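Just a sequence and a predicted model for now, questions to come.
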Number of protein chains: 4
Amino acid sequence: MPELSAQPRWQRRAVDRPQELLQAALAEFVERGYAATRLDQVARRAGVSKGSLYRYYQNKAELFKAVVRSALIANLDEAEALASAHSGGSRELLAAFLTAFTRRVSESALSGIPKLVMAEAGNFPEIARFYFDEVIQRARNLIQGILERGVARGEFRNVDTDYAWRVVIAPLMLGILWKHTFLACEPGGFDFERHLRSHLDLLLDGLAAREA
Amino acid sequence: MPELSAQPRWQRRAVDRPQELLQAALAEFVERGYAATRLDQVARRAGVSKGSLYRYYQNKAELFKAVVRSALIANLDEAEALASAHSGGSRELLAAFLTAFTRRVSESALSGIPKLVMAEAGNFPEIARFYFDEVIQRARNLIQGILERGVARGEFRNVDTDYAWRVVIAPLMLGILWKHTFLACEPGGFDFERHLRSHLDLLLDGLAAREA
Amino acid sequence: MPELSAQPRWQRRAVDRPQELLQAALAEFVERGYAATRLDQVARRAGVSKGSLYRYYQNKAELFKAVVRSALIANLDEAEALASAHSGGSRELLAAFLTAFTRRVSESALSGIPKLVMAEAGNFPEIARFYFDEVIQRARNLIQGILERGVARGEFRNVDTDYAWRVVIAPLMLGILWKHTFLACEPGGFDFERHLRSHLDLLLDGLAAREA
Amino acid sequence: MPELSAQPRWQRRAVDRPQELLQAALAEFVERGYAATRLDQVARRAGVSKGSLYRYYQNKAELFKAVVRSALIANLDEAEALASAHSGGSRELLAAFLTAFTRRVSESALSGIPKLVMAEAGNFPEIARFYFDEVIQRARNLIQGILERGVARGEFRNVDTDYAWRVVIAPLMLGILWKHTFLACEPGGFDFERHLRSHLDLLLDGLAAREA
DNA sequence: TATGAATGAGAGTTCATTCAT
DNA sequence: TATGAATGAACTCTCATTCAT
């Protein structure tokens, strides 16, 4: 009675497959970069055969794009949600956003994505564009919005918001970079919290001593 | 009949070749990343045959390291020189340094190196370490020194200099990133001068509005 | 329309492939030596693509070692079996062994292995050592054992068995050499049987005329 | 007065060059085999530039042939000389020849040549043929002549001289082989003198015990 | 449908040979 | 004439992709 025997060996979790593949691929791509990533290894990590990959993704480049897309999309919604919680002062709002983002970077493996995008932008212009449109632009809208609101309300000085938003964001990117590039070189490790505090301190109050 | 045999098929240029090869390789590596760069293409760009590369560099990895090393070494001395010109106030000193660095990034092709290092750090730990030791650490000494001097002289607030130096540097890195990753995505281009002004403005005076 | 798509372009033969590859490689290595053997050619001879070789053997050197190992191992057991058939006089035993070995050399393609090992010993010390340990030493034990037994039983003169075994073996090696090096040069060909008879005749009774 | 200055830097010893090159090449070819020998290395060993090689030998194959030829020719005359000293008994003559040859093998670097020829015979049929004609055939004439003379004079048994000569020679070849292939594997080394004694002992008197 | 053996284009690398100097 | 930089064909090896099973 062959029919009686339960689930056929494959199809086990055909539904979860894409997710598992994306996770495995994300890890490998972040670890080694696009070119140095072996599909063989991705498949092994996901617990499937190399051939099966091609059932879900047309080829390596498509897999890569899917990885980036899916990783970003997961994050975008949360960021947006955060942004709409705009009660309170602009100062607090900005701090809240930067804090939330820093937490995320320090904790999640997803922070590998920005690094990946930067590294492969030359070979994948569409990825760069996608990231720019979906991440950078949204971040810009968010930050610049906060800045303009703050200026309008008299909480912030009248800064050049068209460019200032990048300066605001820069230490976040540096944090990502540090985590993925120089962590191994720092003997004492890197304290994200302290970095955040330093960032907020300088950003809000500047370096200059105030005369009494 | 001198005209008969026109110019020779190739020339012996043992002295200049290494430099030419490094330049060609730098351009290709920055454009495509390590793995996607074809030695064939590097050679063609330098105007030699693929085999000639191997007279000067043992293999692809060595060529890569040589590219990074030579590009960095050229820059380090100047940075150091700049640092020793320490007359004047700390505020001016800091501004001078950031300005000089921004100019360099915006003008020279060498700014591709940091991006390259970040992208390949995972596959070339020694390169990451080298960059960290020779560039990052020097920059840290420089910046942190200026900060501490400024604090000591009462020109700056008493900030956490152990971490603040990274915040100071972050917009420079973002500038590099922008140039090499997102320039093509920005319809209006990127104005390094304005970015610098914004950076200095925020860094020195902060966001917060001062009460009268 | 079954005729439309004729036989498949290739077949999966994971079980037989290694053997087929070894055979093809053996032939090529013997014919040309290690360095002059092209993997391309080995693959073609085995009826597979170049890339397939690498599924079964890590690289050329490993393929070479596998060839030598597998060729030897096949033979060793038989030799051993032969040796244990030690009934009868020592004279007959020695003759039986030399005869069996000569037959094998004259008939099998495996006799190319010793020649190969000799030729490549300089570049593959491990192969030389492997051959020495697995073949030469066994042969020595076998022959020297027969000699000592013969001496003990009064069948042989009291010869220097520590060195004599090599003299006993020498004409076998010469036979191998002849087959693989000078066969084409001998207009009348080479008669292994006659060589063997000559060998046994001289070995057992020597050259010297006996006085009545 | 530029003419006054003594010998121009090259031409130093243009006459000796070929000899020096042959020596260097012999050493390299014996050490590594034909294919693995680098002309670069040969040139360096001879103290000239790679390009200069081509002034004396058309290409690698020609150099190889010249090496073999010159190495052999040096030896042949001596062997011939030895052969003509045919006073005394056949037994002594044979012993004298084998002794002389063994000495030569154990001492000179030229014994690498036979090994080289055997190894490369497949790729250089002309070399094999040359060696066969110039060395093997002469050796055969020599040995077979001694054997026939001995038989005719009643000093030797009536052996099959057409094949016996090879059996006589075999231990010499084995000696060469041992020196160049298995020397490193023998912990106690290899005593050529003892090998020779064993050879002569067995060859002349055989293994068989004589009944009283 | 899942597998992984088989493919084959293309990469890095080597080196005999040539030729500008 | 001697040199060694430059060449380029040819090789080993890799791996994304296909397809027989």
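Good, I have the coordinates. All values reported here derive from a predicted model rather than from experimental measurement.

CA atoms for contacts and neighbours, from now on please.
OK.

So A:C185 sits against B:I127, correct?
No - with contact defined as Cα atoms under 8 Å, A:C185 and B:I127 do not form a contacting pair (11.0 Å).

Identify the residues contacting the residue in chain A positioned nearest to chain D.
Relative to chain D, the nearest point of chain A is A:A36 (32.3 Å; Cα to the nearest Cα). By Cα atoms under 8 Å, 6 or more residues apart in numbering or on different chains, the contact set of A:A36 is B:A35.

Check A:Y56 too.
A:P18.

do the same with A:F192
A:102-103, A:106, A:175.

center of chain A - which residue?
By Cα atoms, centre = their mean, chain A has its centre lying nearest to A:S111, at 4.3 Å.

From the rest of the structure, what touches the worst-scoring helix or strand of chain A on mean pLDDT?
The helix or strand of chain A with the poorest confidence is helix A:60-84; it has a mean of 82 (mean pLDDT, DSSP states H and E). Applying Cα under 8 Å, 6+ apart, the contact partners of helix A:60-84 are A:22-23, A:25-26, A:29, A:34, A:39, A:57, A:97, A:110, A:113, A:117, A:127, A:135, A:142.

Now which of the residues you listed would you call buried?
The neighbour count (16 or more other Cα atoms under 10 Å in any protein chain shown) marks A:22-23, A:25-26, A:29, A:34, A:39, A:57, A:97, A:110, A:113, A:117, A:127, A:135, A:142 as buried among the contacts of helix A:60-84.

filter the residues you listed down to the ones near DNA strand E?
Among those, no residue is within reach of DNA strand E (Cα under 7 Å from any atom of the strand).

residue in chain A nearest to chain B?
Closest point on chain A to chain B, by Cα to the nearest Cα, is A:G206, at 3.6 Å.

Distance of that residue relative to B:D162?
To B:D162, A:G206 is 16 Å away according to Cα to Cα, to the nearest Å.

Looking at the two, which one has more neighbours?
Shown here are A:G206 and B:D162; by other Cα atoms under 10 Å in any protein chain shown, A:G206 has more neighbours (23 against 14).

isn't that one right up against B:G206?
Yes - counting by Cα under 8 Å, A:G206 sits close enough to B:G206 to count as a contact (3.6 Å).

Stretch A:30-40 and DNA strand F, are they touching?
Yes - residues of stretch A:30-40 contacting DNA strand F under Cα under 7 Å from any atom of the strand: A:35-40.

buried stuff in that stretch?
A:30-34, A:37-39.

What's the per-residue pLDDT of the residue of chain A closest to chain D here?
Looking at A:A36, its pLDDT stands at 92.

Where does it fall, secondary structure wise?
According to DSSP states H and E, A:A36 maps onto no helix or strand at all.

ok, A:R104 to D:K65 distance?
Distance from A:R104 to D:K65, by Cα to Cα: 73 Å.

more crowded one of the two?
When A:R104 and D:K65 are compared for neighbours, D:K65 comes out ahead with 17 against 14, by other Cα under 10 Å.

mind exporting stretch A:125-144 as CSV, just the C-alpha atoms?
The C-alpha trace of stretch A:125-144 is given here as CSV (Å, rounded to 0.1, in the frame of the first residue of the first chain):
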residue,chain,number,x,y,z
PRO,A,125,23.0,49.3,-11.2
GLU,A,126,19.4,48.2,-10.8
ILE,A,127,20.0,47.1,-7.3
ALA,A,128,21.7,50.4,-6.5
ARG,A,129,18.7,52.2,-8.0
PHE,A,130,16.2,50.0,-6.2
TYR,A,131,18.0,50.6,-2.9
PHE,A,132,18.2,54.3,-3.6
ASP,A,133,14.5,54.6,-4.4
GLU,A,134,13.2,52.4,-1.7
VAL,A,135,15.6,53.0,1.2
ILE,A,136,17.6,56.1,0.7
GLN,A,137,14.7,58.2,-0.6
ARG,A,138,12.4,57.1,2.2
ALA,A,139,15.0,57.8,4.8
ARG,A,140,15.5,61.2,3.2
ASN,A,141,11.9,62.0,3.3
LEU,A,142,11.7,60.9,6.9
ILE,A,143,14.7,62.7,8.2
GLN,A,144,14.3,65.8,6.1
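
And the helices in chain A?
Taking DSSP state H as the criterion, chain A contains helices spanning A:17-32, A:39-46, A:50-56, A:60-84, A:90-107, A:112-120, A:125-131, A:137-152, A:161-177, A:192-205.

and chain A, which of its residues are near chain C?
Counting by Cα under 8 Å from any Cα of the partner chain, chain A comes close to chain C at no residue.
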